[in-house]
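> Show me the folded form of this:
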Amino acid sequence: MKRALKFLLVFLIVAAAVFAMVIGLNYSGFETLFENKEGMAEGSEYIENTYSLAGLAEFVGEHPEWISITSYNINDPDSGIFYQEDVPRALGATSNLFLLMEYERQVAEGMLDPSETVTIDQIQKFALPEISENNHQKFVDEFEGQSATLDDIVEAMLQNSDLVAADYLWFKVGEENIRTLVDTLNLSQTTLPLPFSGMYMRINPSLNDTAELKNMEFDRFAAESISAAERLKDDPHFNNQVKAQFKDDRISLTFMQERDALAYFPRATTRQLADLIAQIWNNEVLSEEISTQINEKLRWPMGSEPITRSFEDYGAIYDNRMGLLGGIDFGTSIYDGHTSVQAVFFDQLPVGFWVHMSANHMQEDYQQRLIWDPALYEKTLNQINSNNE
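From the prediction side, this is the model:
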């Protein structure tokens, strides 16, 4: 009995900490947490797998329905981990890669001035209460004043996986340009990146009829999400109404419903994303100049001591939202000098399991160590092969 109570106490502490990190915590946050008791218990039978990376590797092999991995040596692209690599998964904030690519293209062609001053108020138009507030606050804290250069905004967006700055940049580079970029890249299983504020408004049953989402084509979902985000940007009265609703009742969905709504978000396969990262690393996307600048901005983790301890070179974009943990990266191991590219997505995870795995950025550690830790790499590969023969 004491052991069970101890486990419950630890679980609630971890859940509260993660909820604070991902969603933002206040009294209504605690209330929401306890209103989602069913979701918080979902996947509890797998929580033991979050106690070690070896346990997580076992979970990976046992659950292809939730996980896709592409990981290979840049010099040996036919040999690596290819696990559910052609299954489309929710992009989340990793879609910021496409915004970065289009931004650098426009800078290179003189269409955008990276030194342009941007006020934080311009960006705040897209901030929805209770949606990734902690990440956005970290973004805001990057700037002591009320403004920053456009280039600094882009760098901080990547470092903090900030959805609000991403929406600002989405409209800055322009819908048609983003569509043209995605078409040019010829990624057949990748759908158009969308403004996050628009998507969260569209799946909110307090603001829209969400019953029709089940049968809605992606193009219509995209159009309605873009329209909602544009109105949020341009209509102050609508902006105030929407923010008041999110502040009062967040997204008006249970945690499990919010997780399930990821199915409507833009999607991509890990194989196509990893191949794209490889092309960027080789300076083969759009132009050598543009690829070089993209690589430089992706290298934001190199300021971290744990990264420099294991990598000669490393770049990444990560995401963490209800039921989703994803990342795309490249890295050169300090131990043997090989360079790998990767895309790793945990998608539609049971909520309780996701809470535990999110608590200490476990997915990021797992993904990084797949590059430099041969024991974990072999453990993962063996688990995948033994469970899926």
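> which residues does Ser227 contact?
For Ser227, the contacting residues are Gly198, taking CB atoms under 8 Å, 6 or more residues apart in numbering as the criterion. For the C-beta atoms, the positions are set from N, CA and C on the backbone; glycine is no exception.
> Buried residues of the host helix or strand of it, list them for me.
Counting by DSSP states H and E, the element that carries Ser227 is helix 218-234. For helix 218-234, burial by neighbour count (16 or more other CB atoms under 10 Å) applies to 221-222, 224-226, 228-229, 232-233.
> any idea how far the closest residue to Glu258 other than its chain neighbours is from Phe330?
The shortest distance from Glu258 to any non-neighbouring residue, by CB to CB, 6 or more residues apart in numbering, is to Met322 (4.7 Å). When distances are taken as CB to CB, to the nearest Å, Met322 and Phe330 turn out to be 27 Å apart.
> what's the answer for Phe139, then?
23 Å.
> Which of the three states applies to the spatially most central residue of the chain?
The geometric centre of the chain, computed from its C-alpha atoms, lies nearest to Asp319 (CA atoms, centre = their mean), at 2.3 Å. Going by DSSP: H, G, I helix; E, B strand; the rest coil, the secondary structure assigned to Asp319 is strand.
> One more: Tyr335?
Per three-state DSSP, the local secondary structure of Tyr335 is coil.
> Strands of this structure, residue ranges please.
67-73, 80-83, 89-90, 117-119, 147-149, 267-268, 311-321, 324-333, 339-346 (DSSP state E).
> check contacts around Ile69.
So, once contact is read as CB under 8 Å, 6+ apart, Ile69 ends up touching 60, 81-85, 270, 342-345, 370, 380.
> Let me see the confidence value for the nearest residue to Trp372 once chain neighbours are set aside.
Once its chain neighbours are removed from consideration, Trp372 has its nearest residue in Ser333; the separation is 4.1 Å (CB to CB, 6+ apart). pLDDT for Ser333: 96.
> ditto for Arg250
90.
> what's the neighbour count on it?
Burial of Arg250, expressed as a neighbour count using other CB atoms under 10 Å, amounts to 21.
> Surely it and Pro129 touch.
Yes: judged on CB atoms under 8 Å, Arg250 makes contact with Pro129 at a distance of 7.5 Å.
> Okay, helices next: where are they in the stretch 51-200 of the chain?
Along the stretch 51-200 of the chain, the segments classed as helices by DSSP state H, counting those that start in this stretch run 53-62, 96-108, 120-124, 133-141, 150-160, 163-173, 175-185, 196-202.
> Where among those is average confidence lowest?
The stretch with the lowest mean pLDDT among the helices of the stretch 51-200 of the chain is helix 133-141, which comes in at a mean of 89.
> Give me the buried positions along that one.
133, 135-136, 139-140.
> What is the distance between it and the centre of its chain?
Its chain's C-alpha centre and that of helix 133-141 lie 15 Å apart, by CA atoms, centre = their mean, to the nearest Å.
> From the contact counts, what lies against it?
With contacts defined as 3 or more CB pairs under 8 Å, 6 or more residues apart in numbering; DSSP states H and E, the packing partners of helix 133-141 are helix 2-22, helix 150-160, helix 163-173.
> at 6 Å instead, please
Helix 133-141 sits against helix 150-160, with contacts defined as 3 or more CB pairs under 6 Å, 6 or more residues apart in numbering; DSSP states H and E.
> roughly how far apart are Met111 and Ile290?
12 Å.
> Which one's more surrounded, the two?
It is Ile290, of Met111 and Ile290, that has more neighbours when counted by other CB under 10 Å, with 21 against 13.
> is it true that the more buried one touches Ala108?
Yes: using CB atoms under 6 Å, Ile290 is in contact with Ala108, at 5.2 Å.
> quick one on the thing from earlier: ok, how many other residues are close to the residue nearest to Trp372?
The criterion is other CB under 10 Å. On that basis, Ser333 has 19 neighbouring residues.
> hang on, the earlier thing: take the contacts of Ile69 and write them to CSV, including distance to Asn282.
Formatted as CSV, the entries for those read as follows, by distance: CB to CB, whole Å:
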residue, distance to Asn282
Val60, 28
Ile81, 20
Phe82, 19
Tyr83, 23
Gln84, 25
Glu85, 20
Thr270, 18
Gln342, 15
Ala343, 16
Val344, 20
Phe345, 23
Leu370, 20
Thr380, 25
